[in-house]
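J.: the following comprises the amino acid sequence and a computationally predicted model.
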Amino acid sequence: MEPDCTARLEDDRLLALRRRATAAGVPLHVSLALTHRCNLRCLHCYVLPNAGASESELSADDWLALAREAAAAGCFSMLLTGGEPLLRDDFAEIYLGIRRLGIYVSLFTNATRVNRRVVETLQAAPPTLIEVSLYGATPETYGRVTGSAAACAAAMRGIALMRAAGLPVRLKTVLIKETAPEFAAIRALAAPGEKPVRYDPAVHPRFAGDAEIEERHVPPAELAEMESRTVPELAAQWIKRQSEMQRQPEADSPYLYACGAGLHSCYVSADGMVQPCTSTVRYGVRYRRGGLLAAFRKGRAALRAKRMPADYECATCPDRLYCMICPAIADLESGNEAGKFAYACRLAHERSRKISGK
């Protein structure tokens, strides 16, 4: 069999594009949190505890002005998220306005508010991807996680409508104690031809000093065992990540934030704070009309000024391949960007032991 060079070629082209964007200081991808409001009240949600008043949300005109600035700078993809973005009465205006700029758009939603009007809007200019968050496979689990057992049926109806319309759906979930018993059942909800259900195994603190989130975490050894039984594609993901790390190893970087945060992408909160990523709140810069690039570059410069300490253990940890190393989350948990996200650290060691058989 001949090697498939297409994927590698696309990866190399994208890598080259990202390098040029990084050098020029422009965002190729921008995530827009259209609202911090949500119709669910999830136990693990990090948005609602930190949300401002709905009156502070950017208007449709603001979002479209920002999108025009991003497009002029070279941005070609955007993510519309929240909160629940479909709560906005002007969602169609914002969505279609961005698509008219020639920008690829993906959407994060809980699907409970998807109806025929929403589907028609999305069909008019189809998105690249619609990721739907699931919080269980049964009404009972939905009730425990979101506060609404009825949300389960509403989400399934919304998913069915989008699938019937041929829209690109992918399911995802959060792996916490409440959803863990139904993890296999949630994964089985992916339709034929869809990618496997994506999952977040390590929910992070909702705000600085949030110790209660530990109550949501699945014990690391239990989670590693569950992954080995339920996620057959995981081995290939580890191999891909190892290849990526070898191409840009953390230990060779002088920066504390060795990820892509702020390099060629950014996040804009519902009230207009431009941040290198969702979690880097301390580096947020207020958006003003005409000032997206300036805000992006200011936040990025502040984040890139953070250098890796000489004694930063994460850089040389043999299990970092299996870890969700994130200085911003460590900052939330311990008040120290160069600290550890303790749960992710324990999970990485358990994954390593499971894979090595030790």
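T.: It's in. Residues are numbered from 1 along each chain as shown.
J.: report the central residue of the chain.
T.: With distances taken as CA atoms, centre = their mean, Thr278 lies nearest the centre of the chain, 7.9 Å away.
J.: who's in contact with it?
T.: Neighbouring residues of Thr278 by CB atoms under 8 Å, 6 or more residues apart in numbering: Ser31, Ala33, Tyr267. C-beta coordinates here come from the backbone N, C-alpha and C atoms, glycine included.
J.: one more: Ile325?
T.: Glu250, Ala258, Cys259, Cys314, Phe341, Ala344.
J.: between the contacts of Thr278, which is nearest Asp331?
T.: Closest to Asp331 out of those is Tyr267 (15.8 Å), distances taken as CB to CB.
J.: just give the nearest non-adjacent residue to that closest one, would you?
T.: Counting by CB to CB, 6 or more residues apart in numbering, Tyr267 lies nearest to Ser31, which is 4.4 Å off, once chain neighbours are set aside.
J.: re earlier: now, the contacts of Thr278 that are in strands?
T.: Ser31, Ala33, Tyr267 (DSSP state E).
J.: and which of the residues you listed is nearest Leu171?
T.: Of all the ones in strands among the contacts of Thr278, Leu171 sits closest to Ser31, with 19.5 Å by CB to CB.
J.: now the closest one: how far from Ala342?
T.: For Ser31, the distance to Ala342 equals 27 Å [CB to CB, to the nearest Å].
J.: thinking again about what came up before, of the contacts of Ile325, just the buried ones, PyMOL syntax please.
T.: Selecting only the buried entries of these in PyMOL, with 16 or more other CB atoms under 10 Å as the criterion:
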select buried, resi 250+258+259+314+341+344
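J.: residues contacting the closest residue to Arg41 other than its chain neighbours?
T.: Distance criterion CB to CB, 6+ apart; nearest residue to Arg41, sequence neighbours excluded, is Gly147 at 4.1 Å. Gly147 is in contact with Leu40, Arg41, Cys42, counting by CB under 8 Å, 6+ apart.
J.: of these, buried ones?
T.: Leu40, Cys42.
J.: what distance separates the lowest-mean-pLDDT helix or strand in the chain from the centre of its chain?
T.: Least confident helix or strand, the chain: helix 6-24 with a mean of 74, by mean pLDDT, DSSP states H and E. Offset of helix 6-24 from its chain centre (CA atoms, centre = their mean, to the nearest Å): 21 Å.
J.: tell me what that helix is packed against?
T.: Applying 3 or more CB pairs under 8 Å, 6 or more residues apart in numbering; DSSP states H and E, one finds that helix 6-24 contacts no other helix or strand.
J.: give the buried residues for it.
T.: Arg18, Ala21, Thr22.
J.: repeat for stretch 269-283
T.: 269-281, 283.
J.: CA atoms only for that stretch, dumped as PDB, please.
T.: Only the C-alpha atoms of stretch 269-283 are listed here, as PDB (Å, rounded to 0.1, in the frame of the first residue of the first chain):
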ATOM      1  CA  SER A 269     -15.600  36.900  25.500                       C
ATOM      2  CA  ALA A 270     -19.300  38.000  25.300                       C
ATOM      3  CA  ASP A 271     -18.500  41.300  26.800                       C
ATOM      4  CA  GLY A 272     -15.600  42.000  24.400                       C
ATOM      5  CA  MET A 273     -12.400  40.900  26.100                       C
ATOM      6  CA  VAL A 274      -9.800  39.700  23.600                       C
ATOM      7  CA  GLN A 275      -7.800  36.800  25.200                       C
ATOM      8  CA  PRO A 276      -5.100  34.500  23.800                       C
ATOM      9  CA  CYS A 277      -7.500  31.600  24.700                       C
ATOM     10  CA  THR A 278     -10.600  30.900  26.700                       C
ATOM     11  CA  SER A 279      -8.700  30.400  30.000                       C
ATOM     12  CA  THR A 280      -6.100  33.200  29.800                       C
ATOM     13  CA  VAL A 281      -8.400  35.700  31.500                       C
ATOM     14  CA  ARG A 282      -5.500  37.700  33.000                       C
ATOM     15  CA  TYR A 283      -4.200  38.600  29.500                       C
END
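J.: hang on, the earlier thing: could you dump the contacts of Thr278 into JSON lines with distance to Pro181 and pLDDT added?
T.: Below are these laid out as JSON lines (distance: CB to CB, whole Å; pLDDT from 0 to 100):
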{"residue": "Ser31", "distance to Pro181": "31", "pLDDT": "97"}
{"residue": "Ala33", "distance to Pro181": "31", "pLDDT": "97"}
{"residue": "Tyr267", "distance to Pro181": "33", "pLDDT": "97"}
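J.: quick one: these as a markdown table, columns for distance to Leu107 too.
T.: Listed next are the contacts of Thr278 as a markdown table, based on distance: CB to CB, whole Å:
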| residue | distance to Leu107 |
| --- | --- |
| Ser31 | 11 |
| Ala33 | 12 |
| Tyr267 | 15 |
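J.: next, format these as CSV and append neighbour count and distance to Thr128.
T.: Shown next, in CSV, are the contacts of Thr278 (neighbours: other CB atoms under 10 Å; distance: CB to CB, whole Å):
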residue, neighbour count, distance to Thr128
Ser31, 20, 13
Ala33, 25, 18
Tyr267, 25, 18
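J.: which one of these is nearest to Ala330?
T.: Among these, and counting by CB to CB, the member closest to Ala330 is Tyr267, at 18.2 Å.
J.: what about the protein, any weak spots by pLDDT?
T.: In the predicted model of the chain, residues 1-10, 52-54, 245-252, 358 satisfy pLDDT under 70.
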